[in-house]
Structure formats: structure tokens, C-alpha cells
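Asks: Dropping the sequence and predicted coords here.
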4 protein chains.
Amino acid sequence: MLDRPDFQNALRYIFEEKIPYCRSLGLKFSVAGGRAEVRFRKQDFMLGNSKLKVLHGGVTASVLDSVAGISILLKMVEVDPKSDLETQLREFARISTIDLRVDYLEPATAEAFVACAIVTRLGKRVANVQMTMHDDAGKCVATGAAAFALRAPRTSSVS
Amino acid sequence: MLDRPDFQNALRYIFEEKIPYCRSLGLKFSVAGGRAEVRFRKQDFMLGNSKLKVLHGGVTASVLDSVAGISILLKMVEVDPKSDLETQLREFARISTIDLRVDYLEPATAEAFVACAIVTRLGKRVANVQMTMHDDAGKCVATGAAAFALRAPRTSSVS
Amino acid sequence: MLDRPDFQNALRYIFEEKIPYCRSLGLKFSVAGGRAEVRFRKQDFMLGNSKLKVLHGGVTASVLDSVAGISILLKMVEVDPKSDLETQLREFARISTIDLRVDYLEPATAEAFVACAIVTRLGKRVANVQMTMHDDAGKCVATGAAAFALRAPRTSSVS
Amino acid sequence: MLDRPDFQNALRYIFEEKIPYCRSLGLKFSVAGGRAEVRFRKQDFMLGNSKLKVLHGGVTASVLDSVAGISILLKMVEVDPKSDLETQLREFARISTIDLRVDYLEPATAEAFVACAIVTRLGKRVANVQMTMHDDAGKCVATGAAAFALRAPRTSSVS
């Protein structure tokens, strides 16, 4: 399922277009080596300080939370692929953040950034994730850790 | 200084207008009982899920980070007030987030929210803060904790 | 159930005697105003620095984790009391830490400390807790936040 | 300095013998590939549950905090080596934990564990660290993140 272009396209469409806040930040999703990558360009409205041209810490937190969530979905697909696309995508609704930690390592002053995540544990009810965000020069500007709740999967065929 | 309307107005102007990301979220700042309050209304672009009408977790993190930062500034004013407004406001540039934790307690589905913070420690170089966000029905939807670095104060009179 | 001396005594016995690590730290449990309190005296083996006579940060983390766990149990009793003591105490085995954050506010140099916790949310599967530790002079030396997983309750009568 | 056996031996002696709490846990320090490793064997007093033979979460937190601290010292040595051993070791007193996060991935039921850490940033005043703890079968049982304050170095020659 992970390698299927229709799956990746559907996931990209959901992530980039159907999640309003991800759309507003202009987050771009791709799969590289089986892992989710989230890229975005710095825009003026994202700044925490206009003079220093540095991203607001909340933007970084938002991106790390987003890449963590979609990484869990990819891990679910890898571990327990569903037969059809619709059922697979519905899994996204199961995932909610329990808590999030962000460590700000360097001022995020670059023009573009990429975030990725490692799912360190995927349980039945809780998933743990570690995240990083690098700037376009390859410098790590932030790391994060999060726990997510996984609601019980819907077994009935809900339309 | 804390009680001076010109200080509060200047701070509100900086927070609401001069920090681009706070402005884009429509965050409104006020001082109540010596403490900072940050209020905002849910807008469509902030959603993490259009159907459930729930805030993206990144928005919550952004608001908690913001209220923590401005609460530290208020604490600085309380502990070590500066003689003039400009010097006082310049203190804002000293504050940067080291790390941030957010605990998501309830889905943020309400129409409006208010966040506040307690500075549990204000050291010379590090400040610790605890934050909460409630919805307009008074339900606590998130709590947070953060550490902030305080850069050395500028003693010279920079224009 | 919370007010029953036999429940409190049984809980104290479990916490102080049957959890080896809590016993080794000499943690003392009591219920005050419906809330768990954990007290302990500083001992030489707990130090992180012999000269400064300061607790190792791991001791503080251990105490905060412990008071959080037992506070969840008290909250479970409050919300859903079991008919008999044995069933009630068995609930303890359901609780496991997902993650823990500790903020170290002041050097823990005093001779005795007390920790308590607030359960900010008790869900079916996840509980959120905020913790504090004060020294015997009333100074807050550390705060914490944690998420706990609650395994499904055992409904069968296991001996 | 890092490669000098006398430095490593002195560091091991301080860590294993002169930090009382590390000694009480039986933590063993070594340098492998320029990085600190902390090993220990599970002992009865460390258990959080006697039946399940699982480490108390506080022990895990303690070990992660300890390995983070000594890893910062090694990083300091790497970045800014001191001319003599005594001055170098005095740097240890500069390091104090600001905050700590631990993610518990798997029950720590094995007989022995090893923890290591990566210093993701070493600033003048703040260091950021990421930690992991594996059991003797190579399974990652916990990860962590921490921020540490670095007090100003002592420039005077204190005896």
C-alpha cells in the first residue's frame, strides 16, 4: 500500500488540502524511503520576530505535530495494510496527540525547512514518535517527542 | 509599570500587531489581575479536522508558547521594572523558548479560547512557565510547561 | 472507599512496602483532603552532589512519577469505586507511565520533601497528571507533567 | 583529553563512586566511540512491580538524566579541552538539569540495560540532549530529551 502512487496521492491530498491548518502553513507531504517528509517555505505570517526573520516557535511545534501524525499513519499501513484505499485513509481519524515536546535548538531563520519522524513504538492504543526539523542548509533546528492515542479501529463499514 | 495603560497598550500593540504569527492567529492580549491573558476565536484555517471542527494541536501549542513568553515579560516588569517604556519593551527580545511541552486534555471544539500562564521561576538565564488553555465554557482543553532562555540584558542605549 | 481507613491502610502498605523502589526511597504515603501526598526524607544515597547536598534529579523524577501513579488510583476510586477492597487495589496494576516531564526549579537541598499531584484528565485509556514537589520550607523545587496508560480493567475475578 | 586513560578513569571514579545516587544504582560508566555509555544490572530494590519484575519508571528517568549529564561533560571536553585533568573535571559542577522528558516504550523487564545520549546542541548557557536506554537484548525500552543549564565557567584557579 505504501508504494502505491494512488495511496500516496490520496494521502498528500488529504494532508495538504483537507487539513485546513496544514494547508494554511503550506505544508508539502512526500514519502521518501518509506518515511514521511513534510516540507514548507517560510512565509511572512509565520514569523515570531519580523526583524530577525525567525519562525515563531508555534509554527515549528505545528509542523512537528503534523509530521508525527502522518508518520504514525504510514507505520500503520506498513504494519497492518488495509485492502482498500478508503479504509486505509479512515485510519487517520484514529490518531490524536496526547502530548508533545519540542526542543528548539537553533533560531529557524532559513527560507525552507523539512521535518521527518520516527515511530519508536506503535502499540494498540498508544504510539510514540520522535521528530526532527532541519533547515535547507541541513542544520537541525528542532527536535521533538510525542505520544499519540490510537482510538479503536472502526470495523463496521461506515459510509 | 504593569498598571500603566501606556505600557499595556504598547505591549498589546507589539503582541497583536508586530508579531506576525500572533497576528495571523488573531491573538488578543490583556492583563487581568497582573497576569497575561491571551484570547482568540477559532477560525476555519486553524482546524486540524474540518468535520470535527477541532483546532489543530499546533495552534494550541502556538498559543501556549505565546502566552508563556509574554507572561515572562510581565514577570520581568514586576520584578525589575525599567524606568522607561522603550527599555522595558526591549526586554521582550531577550526571551526565547528552550523547550515546550503540551498536554492535550480535550478536543478543542469550542468557538473561543483563553490561555494564561504562571511563571514558576524567573532566574537570570532561565525561566520556567506553566500554561493552561480553557474554552469559552470554562473547560481546560490543554496544559503546558516550558523553559525559556533569557539572554543577557542590553545595558547600552541602542536606538 | 476513599475515606475508609482500611482502604487507605492497604494502599499505604502496598505503596510503602510492596513497591520495592518506593520502599528503598522511604516514600511515605498519606491522603490529605482526598489527595495523595508522598513525603520522604533526604538520605545520603539520594544525593547527586555530596558537597552541595542536593538530591539527584532522578530521585525527584522518581517521586513525581510515584505520586502521579497513586493519584490516578485515588481518582479512579473517586470516579468509579469498587465494592471490595481487593478489586479496588487491583486497579493499581492497570496504570503505567507513557511519558513524564520534570521541571527542576530549585536545587533540592532541604532535608525533607512532599509531593502531590492533580489528575487533570481521567479517560478510559489515558490519564493526564500534573505534579509538584515542595521542600519542608514550602518552596516548590520541581513540577512535572505525565501521561499514563490505563489498561482495560480486569472484569473476571482473578485470585 | 577524551582518549586519555587517566581522564576516563577519573571520570569513571567520580561518576561511579562520588555521585552517591549513581553509586546506589550501581551505574557503570564507559566511553565507547567517543560517547558515554552507562550500564547497570537490575536489582530487586529497583522494581516498580515485584511480580512483573519491571523497573520502576523513576530508575529509568534517573539513568537517562545521569547519562545525559556525563555526555554533556564529554562534549565539553571535545569542544573545549582543558589543559589539566582537575580543571576539566571541575566542569562537571557547571551542569544542572533544567528539565527532562522520558518516553517509556516497553516494560523494562530485562536483567541489564545500557543507556547513551547525543548532545544535540551545546551552547554557552544551555545544552540539549537526547537519550536512549536499551535492554541487554538490544530492545529500546525508553527514550528521553533534556535541557541542561551550564553555569558560567570558573576562570579563577580555585584549589
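Replies: It's in. Numbering: from 1, shown residues only, chains lettered A, B, ... in the order given.

Asks: And the helices in chain A, which stretches?
Replies: Counting by DSSP state H, chain A has helices at residues A:5-13, A:20-24, A:57-79, A:85-90.

Asks: Would you mind giving these as TSV with mean pLDDT, mean neighbour count and distance to B:R101 added?
Replies: Every C-beta, even on glycine, is put in place using the N, C-alpha and C of the backbone. Compiled in TSV, the helices of chain A are given as follows (pLDDT from 0 to 100; neighbours: other CB atoms under 10 Å in any protein chain shown; distance: least, CB to CB, whole Å):
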stretch	mean pLDDT	mean neighbour count	distance to B:R101
helix A:5-13	90	14	28
helix A:20-24	97	20	20
helix A:57-79	96	25	10
helix A:85-90	83	16	30
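
Asks: Of all those, which one comes closest to chain D?
Replies: Nearest of the helices of chain A to chain D, taken as CB to the nearest CB: helix A:57-79 at 12.2 Å.

Asks: ok, that closest one near chain B or not?
Replies: Yes: Helix A:57-79 comes into contact with chain B (CB under 8 Å from any CB of the partner chain), by way of A:G57, A:G58, A:V59, A:A61, A:S62, A:V63, A:D65, A:S66.

Asks: Isn't the third one up against B:S62?
Replies: Which is A:V59. Yes: at 7.1 Å, A:V59 counts as touching B:S62 under the criterion of CB atoms under 8 Å.

Asks: residues shared between the contacts of those two?
Replies: The contact sets of A:V59 and B:S62 overlap at B:Y21 (CB atoms under 8 Å, 6 or more residues apart in numbering or on different chains).

Asks: How many residues are close by the closest residue in space to A:K124 that isn't next to it in sequence?
Replies: Closest residue to A:K124 apart from its sequence neighbours, by CB to CB, 6 or more residues apart in numbering or on different chains: A:L150 at 6.8 Å. A:L150 has 18 neighbours, counted by other CB atoms under 10 Å in any protein chain shown.

Asks: What's opposite A:L150 in the beta bridge?
Replies: A:L150 has these beta-bridge partners by DSSP bridges: A:I95.

Asks: show me the contacts for it.
Replies: A:I72, A:R94, A:I95, A:G123, A:K124, A:R125, A:V126, A:A127.

Asks: Out of the helices of chain A, the one nearest B:H134 is which?
Replies: Of all these, it is helix A:57-79 that lies closest to B:H134, at 18.2 Å by CB to CB.

Asks: is chain C contacted by that closest one?
Replies: No: Helix A:57-79 is not in contact with chain C by CB under 8 Å from any CB; minimum separation 13.4 Å.

Asks: So which bits of chain A are right by chain D?
Replies: Counting by CB under 8 Å from any CB, chain A sits next to chain D at A:R101, A:D103, A:L105, A:E106, A:T120, A:R121, A:N128, A:Q130, A:C140, A:T143, A:A145, A:A147.

Asks: Neighbour-wise, which one of these leads?
Replies: Most neighbours among those, by other CB under 10 Å: A:D103, with 29 neighbours.

Asks: what bridges to that residue?
Replies: Beta bridges link A:D103 to A:T143, B:D99, judged by DSSP bridges.

Asks: so who does it touch?
Replies: Neighbouring residues of A:D103 by CB under 8 Å, 6+ apart: A:A142, A:T143, A:G144, B:I98, B:D99, D:T120, D:N128, D:A145, D:A147.

Asks: Quickly name whichever of the residues you listed is closest to C:K42.
Replies: Nearest to C:K42 among the contacts of A:D103: D:A147, at 24.7 Å, using CB to CB.

Asks: from what I can see that closest one touches D:I95, true?
Replies: No: using CB under 8 Å, D:A147 is not in contact with D:I95, being 11.3 Å away.

Asks: so what sits against both of the two?
Replies: D:A127.

Asks: on that earlier part again, turn the helices of chain A into JSON lines, columns for distance to A:A112.
Replies: What follows is those, written out as JSON lines (distance: least, CB to CB, whole Å):
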{"stretch": "helix A:5-13", "distance to A:A112": "18"}
{"stretch": "helix A:20-24", "distance to A:A112": "16"}
{"stretch": "helix A:57-79", "distance to A:A112": "12"}
{"stretch": "helix A:85-90", "distance to A:A112": "28"}
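
Asks: Figure out which of those is closest to C:R4.
Replies: Nearest of the helices of chain A to C:R4, taken as CB to CB: helix A:57-79 at 42.7 Å.

Asks: got the CA positions of that closest one in PDB?
Replies: Output of helix A:57-79 as PDB, limited to C-alpha atoms (Å, rounded to 0.1, in the frame of the first residue of the first chain):
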ATOM      1  CA  GLY A  57       8.100  28.500  17.900                       C
ATOM      2  CA  GLY A  58       4.400  27.600  17.400                       C
ATOM      3  CA  VAL A  59       5.000  27.000  13.700                       C
ATOM      4  CA  THR A  60       7.800  24.600  14.500                       C
ATOM      5  CA  ALA A  61       5.600  22.800  17.000                       C
ATOM      6  CA  SER A  62       2.800  22.600  14.400                       C
ATOM      7  CA  VAL A  63       5.000  21.100  11.800                       C
ATOM      8  CA  LEU A  64       6.500  18.500  14.200                       C
ATOM      9  CA  ASP A  65       3.000  17.600  15.400                       C
ATOM     10  CA  SER A  66       1.800  17.200  11.800                       C
ATOM     11  CA  VAL A  67       4.700  15.100  10.600                       C
ATOM     12  CA  ALA A  68       4.400  12.900  13.700                       C
ATOM     13  CA  GLY A  69       0.700  12.200  12.900                       C
ATOM     14  CA  ILE A  70       1.200  11.300   9.300                       C
ATOM     15  CA  SER A  71       4.200   9.100  10.200                       C
ATOM     16  CA  ILE A  72       2.000   7.100  12.500                       C
ATOM     17  CA  LEU A  73      -0.400   6.600   9.700                       C
ATOM     18  CA  LEU A  74       2.400   5.400   7.400                       C
ATOM     19  CA  LYS A  75       3.600   3.000  10.100                       C
ATOM     20  CA  MET A  76       0.000   1.600  10.500                       C
ATOM     21  CA  VAL A  77       0.000   1.000   6.800                       C
ATOM     22  CA  GLU A  78       3.300  -0.800   6.900                       C
ATOM     23  CA  VAL A  79       2.300  -3.000   9.900                       C
END
